[in-house]
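In: Build me a model:
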Amino acid sequence: MPPQGNFSADELYRLGLQQFNRADWRGAIATFTQLQEISDQYPDVDALLADAQLKLQFEGASQPAAMAPPKRPVLLPLMAALALVLLAVSGYGFYYLNASQPESPPVVVADTPVPPTPTSAPVALPRTPPTAVPTEEPVVAASIVITSEGTFVNTPANIEFIVDASGSMLANIEGTDRERWQVAQEALTTLVNSGVISDQSYTVVRTYGRRRGNDCSDLEVAQGLSRYNRDALLGIISSLKPAVGGTTPLGASLRLAAEDLQAAEGSTVVILVTDGLESCNGDPVAEAANFVAGTDQRKVHVIGFALNDPAASEKLRQIAEQGKGLYFDANNAAQLAEALRQTIVLSYQILDENNEEVASGTVGSPPFELKPGEYTLKINANPPIERKLTVPNGGKVVVALRQGFGGLVADVDVDKP
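Out: Residues are numbered from 1 along each chain as shown. Sure thing, here's the model as predicted:
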């Protein structure tokens, strides 16, 4: 029977749960039905009501046909016995009794419920919202910016240019009537006139293939290690004209560059400009590795000029990688001049926890991204700068260089998301 009186929705809900938990399926069905009529704020009532109805049907279907009814007070059995005697006397009454009752009549259970047989099945309880399972935070790369505050010049202390003057430099730049060596001269002149080379730097100019053809020993120091002199350097550059059939001894040139720079102190770079690969059985990759072995103040940068050959570019890139430097492809005067400038201006490398390079470039280049983690930033200043970087998940890391007492200072600002 439904509960009598005016009950609130909360009271009906609690009453229904009590009836459900003590297996009063009829009472629970009546209470939950009444609750549905006045409120829909309990989303689990539908499931509880259906569960109670199912259990009531199951309990009625499993009741044995010959089960004895619950014991009644003594007066009731006596009255039942008297009725049977009277019916036995009256044949008609006896006949009527048997004809009107179905065989094996089902036992009708009164309102008082029969306690269910205990089972191991769980008792349904009010449903509660599931607890949110924490999910792993997604990995988001952080933006890295390496820039400078103000304008200053801080180029390597020592710079050696190795300029290709082999016979192939006599070829025209594709789509133009200008020869490669003329474009190279123009780009080197632009670099010297740009003002990015410090007056305090020392320079060397080395070349190969400009005097004799088919001679792998045609290597020459056009200018030895000396304090930077703009006019003298421009004069040397203007004299670099290839010989017909000149060879490309890259390995020997890099080996001799180490001798050229024996007296050099501080940060030192070799800038190799070539339009072809090794042609004299040398090993420029090994020579570049030897040049930088045991120091972090030496680098070999390589510019592949007018190659138009990805396989050749990749081989030249290996020289730069072993020389801890940068590699550039350049196909015209503007690209060559920019590549030369980037080898002179401040460059950087970022190493991961395994000391593997994961990024490199020049100060002031566009922002790039790094995964969260611990890194080491190396800036090829004079003297060199080395800083630890903790890159957060997402956000932004800004490294700003400024001129301080005794050299450059790197200020690191981390903006977490």
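In: can you give me the helices in the stretch 151-300 of the chain?
Out: With DSSP state H, counting those that start in this stretch as the criterion, the stretch 151-300 of the chain has helices at 180-193, 230-238, 250-260, 284-292.
In: Any idea which helix or strand in this structure has the lowest mean pLDDT?
Out: When each helix and strand of the chain is scored by mean pLDDT, DSSP states H and E, helix 91-100 comes last, with a mean of 42.
In: What segments of the stretch 301-417 of the chain are helices?
Out: With DSSP H, counting those that start in this stretch as the criterion, the stretch 301-417 of the chain has helices spanning 310-322, 333-344.
In: picking up where we left off before, with respect to residue 54, which of the helices of the stretch 151-300 of the chain lies nearest?
Out: Nearest of these to residue 54, taken as Cβ to Cβ: helix 284-292 at 79.0 Å. For the C-beta atoms, the positions are set from N, CA and C on the backbone; glycine is no exception.
In: mean confidence score for the closest one?
Out: For helix 284-292, mean pLDDT is 97.
In: tell me what it is packed against?
Out: Contact partners of helix 284-292 among helices and strands, from 3 or more Cβ pairs under 8 Å, 6 or more residues apart in numbering; DSSP states H and E: helix 250-260, strand 298-305, helix 310-322.
In: got the ones you listed as a markdown table, with distance to residue 362 and mean neighbour count columns?
Out: Shown next, in a markdown table, are the helices and strands packed on helix 284-292 (distance: least, Cβ to Cβ, whole Å; neighbours: other Cβ atoms under 10 Å):
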| stretch | distance to residue 362 | mean neighbour count |
| --- | --- | --- |
| helix 250-260 | 22 | 21 |
| strand 298-305 | 11 | 26 |
| helix 310-322 | 14 | 17 |
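In: can you redo these as CSV with mean pLDDT and distance to residue 353?
Out: As requested, these are arranged in CSV below (pLDDT from 0 to 100; distance: least, Cβ to Cβ, whole Å):
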stretch, mean pLDDT, distance to residue 353
helix 250-260, 98, 31
strand 298-305, 95, 22
helix 310-322, 96, 20
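In: and those as JSON lines, adding distance to residue 168?
Out: Compiled in JSON lines, the helices and strands packed on helix 284-292 are given as follows (distance: least, Cβ to Cβ, whole Å):
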{"stretch": "helix 250-260", "distance to residue 168": "13"}
{"stretch": "strand 298-305", "distance to residue 168": "10"}
{"stretch": "helix 310-322", "distance to residue 168": "12"}
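In: which one of these lies closest to residue 348?
Out: strand 298-305 (11.3 Å).
In: Touching the closest one from outside, list them.
Out: Strand 298-305 is contacted from outside by 164, 180, 184, 254, 267-275, 288, 291-292, 312-313, 316-317, 319-320, 322-331, 336, 339-340, 343, 347, 380, using Cβ atoms under 8 Å, 6 or more residues apart in numbering.
In: Kindly recompute the last result at 7 Å.
Out: 180, 184, 254, 268-275, 288, 291-292, 312-313, 316, 319-320, 323-330, 336, 339-340, 343, 380 (Cβ atoms under 7 Å, 6 or more residues apart in numbering).
In: Please apply the same query to stretch 319-337.
Out: Residues contacting stretch 319-337 (Cβ under 7 Å, 6+ apart): 173, 183-184, 186-187, 190-191, 284-285, 288-289, 291-292, 299-307, 313, 316-317, 339, 342-343, 347, 360.
In: do stretch 246-256 as well
Out: Contacts of stretch 246-256 (Cβ under 7 Å, 6+ apart): 162, 164-167, 206, 208-210, 213-216, 218-219, 270, 274, 276-280, 282-284, 287-288, 291, 300.
In: got the CA coordinates for that stretch in PDB?
Out: Output of stretch 246-256 as PDB, limited to C-alpha atoms (Å, rounded to 0.1, in the frame of the first residue of the first chain):
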ATOM      1  CA  GLY A 246      90.400  22.800 -59.900                       C
ATOM      2  CA  THR A 247      89.800  20.000 -57.400                       C
ATOM      3  CA  THR A 248      87.800  20.000 -54.100                       C
ATOM      4  CA  PRO A 249      90.100  18.700 -51.200                       C
ATOM      5  CA  LEU A 250      87.700  19.400 -48.300                       C
ATOM      6  CA  GLY A 251      89.300  16.900 -45.900                       C
ATOM      7  CA  ALA A 252      92.800  18.400 -46.400                       C
ATOM      8  CA  SER A 253      91.500  21.900 -46.100                       C
ATOM      9  CA  LEU A 254      89.900  21.200 -42.700                       C
ATOM     10  CA  ARG A 255      93.000  19.400 -41.500                       C
ATOM     11  CA  LEU A 256      95.100  22.400 -42.400                       C
END
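In: now that stretch, how far from the chain's geometric center?
Out: Its chain's C-alpha centre and that of stretch 246-256 lie 42 Å apart, by Cα atoms, centre = their mean, to the nearest Å.
In: How about stretch 184-195?
Out: On Cα atoms, centre = their mean, the centre of stretch 184-195 falls 40 Å from the chain's centre.
In: tell me the average confidence for that stretch?
Out: 94.
In: Same check on stretch 388-397?
Out: For stretch 388-397, the mean confidence score works out to 89.
In: what's that stretch in contact with?
Out: So stretch 388-397 is in contact with 137, 139-140, 142-145, 370, 372-377, 412, 414-417, going by Cβ under 7 Å, 6+ apart.
In: Since that was my last question, I'll sign off now.
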